[in-house]
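Peer 1: Next one to model:
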Amino acid sequence: MKTENVIVDKSKQFALRTIKLYKYLVNDRNEYVLSKQILRCGTSIGANVKEAIRGQSRADFYAKMYIAMKECSETEYWLELLHESEYIEDTAFESIYSDCKEILKILMAITKSQKEGGGEI
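Peer 2: Below you'll find the predicted structure:
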C-alpha cells in the first residue's frame with residue numbers, strides 16, 4: 001500500500017526486499033547468522049519510521065528517525081559483509097545497497113533538519 005510519504009514507502013519496500021534476501025540466504029545459501037542480522041535491522045528501519053510518524057512530540061519523532069538512521073547504517077554494514085564474503089553477487093548487492101544508501105541519505109536529511117529545529121512532524 002503506497003502512501004504520500006517517500007521515506008515510509010521506501011523503507012517498507014526495502015523491508016520487503018530484505019525479507020526476500022533473508023529467504024534467499026537461508027534457503028539457497030544455507031546462511032543463518034548474517035541473514036538474521038540483515039533481517040532484523042533491514043526491517044527495523046521502516047518500523048522505526050512508522051513509529052516516528054506517529055510520534056507524540058518533535059523529540060519523539062527525532063529519536064525514532066535517528067534510530068531508523070542507525071539501523072540503516074547497520075544494514076549497510078551487513079550488506080557489505082554479505083557481499084565481501086560472497087554470499088550475494090555483485091548485481092544483487094549493488095541494487096539493494098544503492099537502495100540502502102538512498103534511504104540513509106533521506107534519513108540523514110530528516111534528522112539533520114529536525115535537530116536544527118526545522119521541518120514538520
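
Peer 1: so what's L104 up against?
Peer 2: Counting by CB atoms under 8 Å, 6 or more residues apart in numbering, L104 touches M69, C72, S73, E76. For every residue, glycine as well, the C-beta is placed using N, CA and C.

Peer 1: could the residues you listed be laid out in TSV, adding secondary structure, distance to D60 and neighbour count?
Peer 2: Output for the contacts of L104, formatted as TSV (DSSP: H, G, I helix; E, B strand; the rest coil; distance: CB to CB, whole Å; neighbours: other CB atoms under 10 Å):
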residue	secondary structure	distance to D60	neighbour count
M69	helix	15	23
C72	helix	19	27
S73	helix	21	15
E76	helix	25	16
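
Peer 1: Can you tell me which of those residues lies closest to L25?
Peer 2: E76 (16.6 Å; CB to CB).

Peer 1: Please list all residues in contact with that closest one.
Peer 2: Going by CB under 8 Å, 6+ apart, the list of residues near E76 reads Y97, C100, K101, L104.

Peer 1: Which of those residues are buried, as a ChimeraX select command?
Peer 2: To isolate the buried ones among the contacts of E76 in ChimeraX, judged by 16 or more other CB atoms under 10 Å, type:
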select :97,100,104
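
Peer 1: For the contacts of E76, could you give me TSV that also reports secondary structure?
Peer 2: Below are the contacts of E76 laid out as TSV (DSSP: H, G, I helix; E, B strand; the rest coil):
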residue	secondary structure
Y97	helix
C100	helix
K101	helix
L104	helix
